[in-house]
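>>> Let me see the structure of the following:
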Amino acid sequence: MARALSLDVRERVVEAIAKGLSCRQAAARWGVSASSAIRWARIRSGGALAPMNQGGDRRSQRIEAEAAFILGAVAEQPDITLAELKGQLRERGMSVGIGTLWRFFQRHRITLKKRLRMPPSSSART
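Predicted coordinates:
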């Protein structure tokens, strides 16, 4: 992912636009994209020019709040399916997807195996 441009460059572009350059001319002068210059020019009237945080997980805190319940349900019934766990969470008023539960278990390094592997057949060719 590309890094955000510094606040100094953003301020210079906005200042050039305020002094009469068009957004595209200011963008070309400072080596930024025209779309960024246009967006910053709109922000100057009431918002902050500072770059916002990029990337990262923004929604896992919802399911992490239910971690004790989820881990308790798995301890109580080790062979519970993700669909059953999703239903139990829905009863508690929380709507989550199967993928969300999958990623929760992946983050906590919990793998749920349904059964042990079968032993090798003694009559199979080797």
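>>> switch to C-alpha atoms for all contacts and neighbour counts from now on
Noted.
>>> Next SSE downstream of the strand or helix carrying Ala75?
In this assignment (DSSP states H and E), Ala75 forms part of helix 67-76. Heading C-terminal from helix 67-76, the first helix or strand you meet, by DSSP H and E, is helix 82-91.
>>> And the contacts of that next one?
With contact meaning CA atoms under 8 Å, 6 or more residues apart in numbering, helix 82-91 is reached by 70, 73, 95-98, 101-102.
>>> about what we covered before: could you check the angle the helix holding Ala75 makes with helix 82-91?
On the basis of axes from the mean of the first three to the mean of the last three CA atoms, to 10 degrees, helix 67-76 is oriented at 140 degrees to helix 82-91.
>>> Residue numbering should commence at 221 henceforth.
Renumbered: residue one is now 221, and that last one reads helix 287-296.
>>> circling back: out of the contacts of helix 302-311, give me the one that has the most neighbours.
Within those, most neighbours by other CA atoms under 10 Å means Ile290, with 20 neighbours.
>>> Asp277 versus that one, what's the distance?
Per CA to CA, to the nearest Å, Ile290 is found 20 Å from Asp277.
>>> What are the structural domain limits within this structure?
227-263, 280-327 (automatic domain parsing).
>>> Since that was my last question, I'll sign off now.
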